[in-house]
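In: pasting the sequence and the predicted model now:
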Amino acid sequence: MTKPKIDQLVTFLYTKNLETTTEFYETILGLPLILDQGPCRIYQVSPGGFIGFCQSGTAVGRTSEDQEGIIITLTSDEVDEWHDYLQSLSITIEKPPTLYEKFNIYHLFLRDPNGYLIEIQTFLDPAWPKR
């Protein structure tokens, strides 16, 4: 039997304030809203990658109380440019662009309005598949 293919990835997270989250992901990060399901909104990050946010308690009884251990990593070859752009919008940067030699990446960190940690990074390892 042939393994069925996977075409896309959607990661769902939860929020206490869907409007604030919408403002951040649409206006600050500029992600296109692909589907508005009322209490859940799904944004396109890349051709096959999506992130969705649901108002706490609306989907399977989940809440946004526990953000520990969750990192939303967005890859870009323009980490420094993202840093400058975010600073121009007065977004707090938790960790400025830094080379992390252990994993051979260059990255920065900030938080979204829900407290989720966002990492913008570029893989320096030539084994990482580039677009």
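Out: Sure, I can see it.
In: got the domain ranges for the protein?
Out: Listed domain ranges for the chain are 8-59, 70-131 (source: automatic domain parsing).
In: which residues sit in contact with L117?
Out: Q67, I70, I71, I72, E94, F109, L110, R111 (Cβ atoms under 8 Å, 6 or more residues apart in numbering). For glycine as for every other residue, the C-beta is placed from the backbone atoms N, C-alpha and C.
In: shaky segments in the protein?
Out: For the chain, the stretches with pLDDT under 70 are 3-4, 57-69, 131.
In: need the residue closest to the centroid of it.
Out: I72 (4.0 Å; Cα atoms, centre = their mean).
In: quick check: bridge partners of it?
Out: I118 (DSSP bridges).
In: wait, doesn't it sit right on E119?
Out: Yes - I72 lies in contact with E119 (Cβ atoms under 8 Å); the separation is 7.1 Å.
In: for the residue nearest to the centre of the chain, which residues are in contact?
Out: T11, L13, I51, D112, Y116, L117, I118, E119.
In: which among the residues you listed gets closest to D125?
Out: When the contacts of I72 are ranked by distance to D125 (Cβ to Cβ), E119 comes first, at 15.6 Å.
In: before we move on, the earlier item: return the most buried member of the domains of the chain.
Out: domain 8-59 (a mean of 16; mean count of other Cβ atoms under 10 Å).
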